[in-house]
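# I'll drop the sequence and a predicted model, then ask my questions.
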Amino acid sequence: CHTSGMLTPNGKEYAQKIPREELTHLILKLLQAWKEPLSHFNQHHQELPDDSLSKAKQISNMVHELKTGVEKSMGIISNSLNGMASSEATGLSISNEANTMSDSDFIHCFRRDSNKVQSYLKILKCRIMPENSC
């Protein structure tokens, strides 16, 4: 996976120990790291059935909206990430690796990172609104 070089906590216990700002920054980096690969995937898979192509575009839009939502809801203005290409933001050379993965590897990696983002967001939500019985 093109994001394998990113240092992410292994397991919920470790993620819970990371300060809120750092965890938020990590979420933003993961989301930004998928911006270019998802765009490339959409551009180079025009032969997919309409429903699959529509779903791929929908996922790409959701990643963008989630990134925007995380930035707004957490009160973070991430100038350092917004002004950079995704490979610069993550410190990784993603264009070749992510864009040349097989479709099954691409989906596997995206699912893995999506699960991480979902877990990190749950942790942040519990920190912000502990009344949700987390």
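Arrived safely, thanks for sending. Everything quoted here is computed from the prediction, not taken from an experiment.

# can you pull the contacts of Val70?
Val70 is in contact with 24, 27-28, 31, 76, 121, counting by C-beta atoms under 8 Å, 6 or more residues apart in numbering. No exception for glycine: its C-beta is placed from N, CA and C like everyone else's.

# pLDDT weak spots in the chain?
45-56, 73-100, 132-133 (pLDDT under 70).

# ok so, going back, what's the farthest-apart pair in the contacts of Val70?
Ile76 and Leu121 (13.6 Å; C-beta to C-beta).

# how near is Met6 to His108?
Using C-beta to C-beta, to the nearest Å, Met6 is found at 16 Å from His108.

# when these two are compared, which one has more neighbours?
Met6 (16 against 13; other C-beta atoms under 10 Å).

# against Pro37, how distant is that one?
14 Å.

# cool, Lys17 as well?
29 Å.

# who has more neighbours, the two?
Shown here are Lys17 and Pro37; by other C-beta under 10 Å, Pro37 has more neighbours (22 against 11).

# packing partners of the helix or strand where the more buried one lies?
Assigned by DSSP states H and E, Pro37 belongs to helix 20-43. Helices and strands touching helix 20-43, by 3 or more C-beta pairs under 8 Å, 6 or more residues apart in numbering; DSSP states H and E, are helix 50-73, helix 79-82, helix 86-90, helix 94-99, helix 103-128.

# next, the buried residues of that helix.
For helix 20-43, burial by neighbour count (16 or more other C-beta atoms under 10 Å) applies to 23-42.

# that one vs helix 103-128, what angle?
Counting by axes from the mean of the first three to the mean of the last three C-alpha atoms, to 10 degrees, helix 20-43 lies at 150 degrees to helix 103-128.
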